[in-house]
Structures are given as structure tokens and as C-alpha cells.
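# Here is a sequence with its predicted model. Questions after.
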Amino acid sequence: MAETVSELRRILQRCRTIAVVGLSAEWHRPSFFAAKYMQEHGYRIVPVNPRYEQVLGETCYPSLEAIPFGVDMVDVFRKEADVPPIARSAAAIGAKCLWQQLGVRSAEAEAIARAAGMDSVVDRCVKIEHARLFGGLNWAGVNTRVISARRPV
């Protein structure tokens, strides 16, 4: 597992094209929020979800293998049981990193990624880690010192 700050920083600096498996087009879903944040911070987002044609202005692909160009990171917003086949696909397309989002902890998928020479991040949010390491925690009011569920007027 990539646990150190230096490893996470290296991964986020190196992996600029992110295939987001399970990216939803619904604005209130965590996958949409995280992908939108990363897109607004200069990353190329590649949606992978057979339900949609486009998400965040990008063509949506039904699978990792359908993407006609290389991706650096595969960011997984799927349940744990779905992750090992995704890890195999990520290895097959030559991704550099498999990132399992918060709450996703597949040891089998991590082993597949490591065996393929990929970096592996487990149970972490790419948006939170980017904000923590590169100074974006004030985005969307996280660092305002005001705790409220209400949106600013």
C-alpha cells in the first residue's frame, strides 16, 4: 500500500490521466465530486461507466479496454467484489496505479496491481489526498472554520 506522503505525492504528480471506473453523472455522487475536483486541478478524467455516453464533458467508455489511449491511474468507485477484474484490466492496459477509493479494500486487487508493477493505493480518496498534499483543502469550504450543512448564499 502506498501509505507515505512522499509516495502519494509522487503518484499524484506522475499520474495525470485518470480513468474513473464507476463515475456517475449525478452531481451529488462522491465519484462525480472527486472527478470534478481533479479535472478542475488539471487532470484528464476518463469516465468508465457503460450507463453514460458523456460525463464531465468527456466521452464515457464501457470498460478500461475500450479506452483508445493510455491512462496513468485507474480510480475505482465500485464495490470490493468488482475490483479484482478491474485490477487485471488496469494491468492489461498498462496503467501505472490502481487507486481504490474510501471504503474499498480488496487485497486480491492490490496483489494483482503489485504483481503487475503498478502502484496501489487502498481505502483513500484521490480528491482528499490531492487537497491534503497540494493545498486544496479550502475548496468547497473545507478550511473555512465554519461547520455547516448549508451552502453559502
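Alright, I've got the coordinates.
# doesn't W99 fall inside a helix?
No: W99 is assigned strand when assessed by DSSP: H, G, I helix; E, B strand; the rest coil, not a helix.
# Run through the residues that contact it.
W99 makes contact with 11, 73-76, 120-121, 124, 126, according to CB atoms under 8 Å, 6 or more residues apart in numbering. From N, CA and C alone the C-beta is placed, and that goes for glycine too.
# Quick one: mark the members of the residues you listed that sit in strands.
Of the contacts of W99, the ones assigned to strands by DSSP state E are 73-76, 120-121.
# Surely P47 touches M38?
No: counting by CB atoms under 8 Å, P47 does not reach M38; the two are 11.9 Å apart.
# between those two, who's got more neighbours?
P47 (27 against 23; other CB atoms under 10 Å).
# residue contacts, that one?
Here P47 is in contact with 20, 23, 35, 54-56, 58-61 (CB under 8 Å, 6+ apart).
# roughly how far apart are A131 and A25?
Look at A131 and A25: by CB to CB, to the nearest Å, they are 23 Å apart.
# ok, these two, which is more surrounded?
Set side by side, A131 and A25 show more neighbours around A131, with 19 against 16, by other CB under 10 Å.
# Regarding the more buried one, what is its secondary structure?
Three-state assignment for A131 (three-state DSSP): helix.
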